[in-house]
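Visitor: Provide a 3D model corresponding to the input given below.
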Amino acid sequence: MNNSSYNGEEFCNITYNHGVMPLVTVYSLVLAIGAPANLLTLCLSVLKIWKKNVLSVYLFTLSLSDLLYMGTIPQWILYVRNHNRWTQSDTACQLTGFIFFNNLYISILLLCCISVDRCLVVLHPIESQWRRRRKTAVMICVGVWLLVMVTHLPVFFLSGVKSGKAKNDTCFETIPMPRLVAMFNYARFCVGFCIPLFILAATNLLIFRRIRASPCLNLREKMKVKYLAIAIIFIFLCCFAPYHIILLSRAIIFSLYKETCWFEEKIYTASTLFLCFCTINSAINPILYMFSCGSVRQELKRDFQSIRDRVTGRSNRSETYILRNGQTLSVYRMEQVTSEN
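Guide: Numbering: from 1, shown residues only. I've put the predicted structure just below:
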């Protein structure tokens, strides 16, 4: 790889010819699995929101963001098949890249919101029933969207995400990176990855400790909570850690060396692969947070049972309550906490 210049601007002659089919396969699978899964999650969330379920507000927003991103996956497939050459307009590149990175960090922040919300339910089961409000959850989700979008605006529209002729017609891959992007990468690693990872780890640890000490749950239910907490952290690390480590390393090299093309050449293939890993999270979220949730399956059964009872003229039996450790908890409530956490 040689360094070149275009109108006095230095750029790196990087070509991508490795792993085209694996990337196309991953993007295609994410679209094929994630689109219907998120669409179903969206519908289920609406039904649960109608029943005043606060957690479903976050799940609805997460699925909406994932579906919006999946509408751009065909663009990424064409981009990869064309060996990372963008053949469409600059505006299309900016919009596609803007949607992708917005979804990336909206998803990360919403995953934190979901974990915090579940932690509150487990640690304060009685108080959370009247302190948690759908209106508050909606405001938090709107705030997350606005925060991420406003933060990314200057990076995408001031740093030239469409590299043009001088940079091999790539899209959003500014190589070598402008100073603004390099500084932003430090913030993305710390605020967009490290802090959310700490929140996810801390909240899931608190959830597991409280559930493990609960006399209302059997060993099987406690192990389910443990493995779900491990799965959440493991998937988060697999999907987001490699890409953010690449971001940090690029920023560090930019800060230490004046010429960085030698490094960009070495990590370009890995960077493209790890960027693809981030998209897998969009297909996994519905399976992890909705379809693995026992209470969702129970509620669907009750809904069908309710419809059948109305047809046959029968009425459902009211929920029973038990007294444990001086606190009044519904049996269904404890089952819901277990299955949703």
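Visitor: tell me how far Glu264 lies from Thr170.
Guide: According to Cβ to Cβ, to the nearest Å, Glu264 and Thr170 sit 11 Å apart. Every C-beta, even on glycine, is put in place using the N, C-alpha and C of the backbone.
Visitor: more crowded one of the two?
Guide: Thr170 (22 against 19; other Cβ atoms under 10 Å).
Visitor: and the lengthiest helix in the chain, how far out from the chain's middle?
Guide: Across the chain, the longest stretch assigned as helix under DSSP state H is helix 219-256. Relative to its chain's centre, helix 219-256 lies at 11 Å (Cα atoms, centre = their mean, to the nearest Å).
Visitor: past it, which element shows up next along the chain?
Guide: Next helix or strand after helix 219-256 toward the C-terminus (DSSP states H and E): helix 261-286.
Visitor: find the nearest non-adjacent residue to Leu64, please.
Guide: When the adjacent residues along the chain are set aside, Leu64 lies closest to Leu42, with 6.5 Å between them (Cβ to Cβ, 6 or more residues apart in numbering).
Visitor: okay, now that neighbour: neighbour count?
Guide: Counted with other Cβ under 10 Å, the neighbours of Leu42 add up to 19.
Visitor: pretty sure it belongs to a strand, no?
Guide: No - counting by DSSP: H, G, I helix; E, B strand; the rest coil, Leu42 is not part of a strand but helix.
Visitor: from memory it sits against Ser65, does it?
Guide: No - here Leu42 lies out of contact with Ser65, judged by Cβ atoms under 8 Å, at a distance of 10.6 Å.
Visitor: how many neighbours does Trp262 have?
Guide: Look at Trp262: counted by other Cβ under 10 Å, it has 12 neighbours.
Visitor: from Tyr186, how far off is it?
Guide: 21 Å.
Visitor: try Lys51
Guide: For Lys51, the distance to Tyr186 equals 43 Å [Cβ to Cβ].
Visitor: for Pro176, same thing?
Guide: 16 Å.
Visitor: for Ser318, give me the pLDDT.
Guide: Per-residue confidence at Ser318 stands at 36 (pLDDT).
Visitor: try Thr338
Guide: Listed pLDDT for Thr338 reads 43.
Visitor: hang on, isn't Leu123 packed against Phe208?
Guide: No - the pair Leu123 and Phe208 does not pass the contact test of Cβ under 8 Å, sitting 11.7 Å apart.
Visitor: those two: who's more crowded?
Guide: Neighbours were counted for Leu123 and for Phe208 using other Cβ under 10 Å; Phe208 has more, 19 against 14.
Visitor: the host helix or strand of the more buried one vs helix 219-256, what angle?
Guide: Element membership for Phe208 (DSSP H and E) is helix 195-212. Helix 195-212 and helix 219-256 meet at an angle of 170 degrees, taking axes from the mean of the first three to the mean of the last three Cα atoms, to 10 degrees as the criterion.
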